[in-house]
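K.L.:
sharing a sequence plus its predicted fold:
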Amino acid sequence: MTERTDVSGDAPPLFVAAEVGGLANYWGKQLQVYDNDDPWGQGRYLESWADYTAACETVQSDLQVIGGIRREQLGDGLEKSAPRLLTGTKDAPDIGLGAMARAVGNRLSEMPNVEVRAGRVQRIENDQNCVSLELADGTRIQARQVFLAAGVLGTATLLARSLPQITQIGFLDHAPYTINCLRLARALGSPRNYTNRGNFNALTLKRKQDGRCSLFASVYAVSQAPVSLVTTTLGLGPRLRGWRMGRFIDFVQPVRIWTPKTYVQFRLQPELGQIEATHVPDPGQDEGLQFLLHWLGSHRVRHNLGVTAPGQGFHYHNLTFGPGDEPVDQVVEQAFQRRVRVIDASCLAEIGCPPHTLTSMAQAYGRVRHDMAATERVREAI
């Protein structure tokens, strides 16, 4: 998390982050498996939903995941359940935010002929029959194949430094609404009944329409919130990790809500170093949000609606370049003769309402597996 990029208007700056697992992992620890009718990334790397779910099982096999149990139908298509949360790895079940890095490190240590290098890639260049990676300290590394997973903003800025012809970049964020609820227990029961093993992400609400998730909401128990969440929200960074807020009374409960309309469109012009939000959602025109507010009102729950600042949803995806909005896959394939493959959420053109961390990981697994199998076939042919 070495850079921050300014956003137009009064929105706070965005982190250019490549933290293993993504910032979405930090905020909610959510590992949600998409349903068959949700946009899970069908294509040449995961051709069927069965392929997708198998990839999800593989990439989370080293991880410790809790929750995800269906609990109760609430009517009108609403369902409440325990959230599906990442808490650690099989060998360190309570490691929390270090889970992704530990799992990746464990796998790398098992692989022969692997050397792990710490450093920040400044630029990628073509170099005869390979690509050259220039690190921030001036070191160069040559590679026949590069799998790029720098986060959407990290990938965008790295490619902008590497390809001077890039003058315009677009991407999406799936930024939730936030409602602060008073007397939420009238609709969902006491927070003491659904606090999830000390996790502030206490309850999940979902609504399905025509087979697709049309609303996903996370209910938080403030008394279980980590101090680092508050300090990060205030712009101070993730301070005092592992500490919790204390035994506060859950008098006011925040709920974060994603619907098919909670998308923010961004345009980044690298030469200016600033991001402009070109489309933000209108709560008054969001049928899914209005449904939930009406449902809560029918249970005499008082609520105050807030809108997430542009870029603070951290569910970035659909990275495009140029005035024609060329997909990132197309750009790197043409620029680097198929030697660079983007495997983070940049390449997901569409995501659904639930958090997409696990879906991004499954897509990455599918892509790497495809390329490694192709390399092996070439070796066998030779």
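P.N.:
Received the coordinates, thanks. This is a predicted model, so every value here is computed, not measured.

K.L.:
count the neighbours of the residue lying closest to Arg70 once chain neighbours are set aside for me.
P.N.:
Nearest residue to Arg70, sequence neighbours excluded (Cβ to Cβ, 6 or more residues apart in numbering): Ser81, at 5.0 Å. From N, CA and C alone the C-beta is placed, and that goes for glycine too. Here the neighbour count serves as a burial measure; for Ser81 (other Cβ atoms under 10 Å) it reads 16.

K.L.:
for Val252, same thing?
P.N.:
Residue neighbour count, defined by other Cβ under 10 Å, stands at 15 for Val252.

K.L.:
go on, Ala101?
P.N.:
In terms of burial, Ala101 registers 14 neighbours under the definition other Cβ under 10 Å.

K.L.:
equivalent analysis for Glu376, please.
P.N.:
Here the number of neighbours of Glu376 (other Cβ under 10 Å) works out to 10.

K.L.:
which elements pack onto the secondary structure element (helix or strand) that it belongs to?
P.N.:
In this assignment (DSSP states H and E), Glu376 forms part of helix 357-381. The elements that helix 357-381 packs onto, with contact taken as 3 or more Cβ pairs under 8 Å, 6 or more residues apart in numbering; DSSP states H and E, are helix 49-59, strand 146-148, strand 340-342.

K.L.:
that older thread, separation between the residue nearest to Arg70 and Arg212?
P.N.:
Look at Ser81 and Arg212: by Cβ to Cβ, to the nearest Å, they are 17 Å apart.

K.L.:
can you name the element that comes right after the helix or strand harbouring Phe266?
P.N.:
In this structure, Phe266 sits in strand 263-269 according to DSSP H and E. From strand 263-269 onward toward the C-terminus, using DSSP H and E, the following helix or strand is strand 274-279.

K.L.:
between the helix holding Glu376 and helix 49-59, how many degrees?
P.N.:
Angle, helix 357-381 to helix 49-59, by axes from the mean of the first three to the mean of the last three Cα atoms, to 10 degrees: 90 degrees.

K.L.:
contacts for helix 357-381 next, please.
P.N.:
Residues lying outside helix 357-381 but in contact with it, judged by Cβ atoms under 8 Å, 6 or more residues apart in numbering, are 21-22, 24-25, 30-34, 40-41, 44-46, 51-52, 55-56, 58-60, 145, 147, 149, 317, 341, 343-345, 347-348, 351.

K.L.:
need the distance between the two termini of stretch 269-287.
P.N.:
Chord length of stretch 269-287, first to last residue, is 33 Å (Cα to Cα, to the nearest Å).

K.L.:
what's next to that stretch, contact-wise?
P.N.:
In this structure, residues lying in contact with stretch 269-287 by Cβ under 8 Å, 6+ apart are 5-9, 11, 14, 157, 160-161, 166-169, 175, 177, 259, 261-268, 289-290, 305, 307, 310-311.

K.L.:
what subset of these is buried?
P.N.:
For the contacts of stretch 269-287, a neighbour count by 16 or more other Cβ atoms under 10 Å gives the buried set as 5, 7, 11, 14, 157, 160, 166, 168-169, 175, 177, 259, 261-264, 266-268, 289, 307, 310-311.

K.L.:
got the phi/psi numbers for Thr89?
P.N.:
Taking degrees, to the nearest 10, you get phi -110, psi 170 for the backbone angles of Thr89.

K.L.:
contacting residues for it?
P.N.:
Here Thr89 is in contact with Asp62, Leu63, Gln64, Ile95, Ala99, Arg102, Ala103, Asn106 (criterion: Cβ under 8 Å, 6+ apart).

K.L.:
so the last one belongs to a strand, correct?
P.N.:
No. With the criterion set as DSSP: H, G, I helix; E, B strand; the rest coil, the secondary structure at Asn106 is helix rather than a strand.

K.L.:
grab the nearest non-local neighbour of it.
P.N.:
Leaving aside its chain neighbours, Asn106 sits nearest to Asp62 (6.4 Å; criterion: Cβ to Cβ, 6+ apart).

K.L.:
residues contacting the one you found?
P.N.:
Thr89, Lys90, Ala103, Asn106, Arg107.

K.L.:
at 10 Å what do you get?
P.N.:
Taking Cβ atoms under 10 Å, 6 or more residues apart in numbering as the definition of contact, the neighbours of Asp62 are Thr89, Lys90, Asp91, Ala99, Met100, Arg102, Ala103, Val104, Asn106, Arg107.

K.L.:
what would those look like in CSV with pLDDT and distance to Tyr220?
P.N.:
Shown next, in CSV, are those (pLDDT from 0 to 100; distance: Cβ to Cβ, whole Å):
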residue, pLDDT, distance to Tyr220
Thr89, 91, 24
Lys90, 93, 27
Asp91, 92, 29
Ala99, 85, 20
Met100, 83, 22
Arg102, 86, 26
Ala103, 87, 26
Val104, 85, 28
Asn106, 89, 31
Arg107, 87, 32
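
K.L.:
pull out the buried members of these.
P.N.:
Neighbour-count burial (16+ other Cβ under 10 Å) is assigned, among these, to Thr89, Ala99, Met100, Arg102, Ala103.

K.L.:
show me the residues you listed that map onto helices.
P.N.:
In helices, judged by DSSP state H, the following of the buried ones among the contacts of Asp62 are found: Ala99, Met100, Arg102, Ala103.

K.L.:
kindly indicate which of those residues lies nearest Val332.
P.N.:
Top of the list for closeness to Val332, among those and by Cβ to Cβ, is Met100 at 23.6 Å.

K.L.:
thank you kindly, that will do.
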